[in-house]
Each structure stands twice: as structure tokens, then as C-alpha cells.
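K.L.:
Okay, sequence plus prediction incoming.
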Amino acid sequence: MKTIELRQKSKQELQQLLKENREKVRQFRFDLISGKVKNIRLIRSIKKDIARIMTIMEEEKTLKQ
């Protein structure tokens, strides 16, 4: 997901996306161990999305202070 799209979302939507992406990473790790996953690069993009979401949330937090 692009940063511009993330900035348009509300705080609750960002928190929900963060929760969903963390669950995806957790599930991905289990699938990786069991051999179900062929594209291991997918986890990289999910982790980058998590980092983007956390960065935007932190920026909003510091702007309000």
C-alpha cells in the first residue's frame, strides 16, 4: 500500500491494518515452516507496509503534541 493512501486513513483504520498485517506475517511464518509458501519475498512487502503504518502513526502522534 502506498504512503499517500495510508495518510488518508483514520487512526482506527491504520490500527486495524497494522493488526491485520502483523497477523499475516505470523501466519506467513507458520506457512513457511510447513512448506506451503513458494514466494518468500511476500513477507518483505508486508513488513514494509507495517513500517510505513507505524511511521505514519508516529508522525501523527508527534504533530498533535
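P.N.:
Great, that's in hand.
K.L.:
Give the buried residues for the lowest-mean-pLDDT helix or strand in the chain.
P.N.:
For the chain, using mean pLDDT, DSSP states H and E, the weakest element among its helices and strands is helix 3-7, scoring a mean of 91. Burial within helix 3-7, assessed by neighbour count using 16 or more other CB atoms under 10 Å, is assigned to residue 6. Just so you know, the C-beta spots here come from the backbone N, C-alpha and C atoms, and that holds for glycine as well.
K.L.:
Which other helices and strands does it contact?
P.N.:
On a contact count with 3 or more CB pairs under 8 Å, 6 or more residues apart in numbering; DSSP states H and E, helix 3-7 meets helix 42-64.
K.L.:
Provide the contact partners of the helix it packs on at residue level.
P.N.:
1, 3, 6-7, 11, 14-15, 17-18, 21-22, 24-25, 28-29, 32 (CB atoms under 8 Å, 6 or more residues apart in numbering).
K.L.:
Just the buried residues of that helix, please?
P.N.:
If you call a residue buried by 16+ other CB under 10 Å, then helix 42-64 has these buried ones: 43, 49, 50, 52, 53, 56.
K.L.:
of all these, which comes closest to residue 37?
P.N.:
Nearest to residue 37 among these is residue 43, at 8.4 Å by CB to CB.
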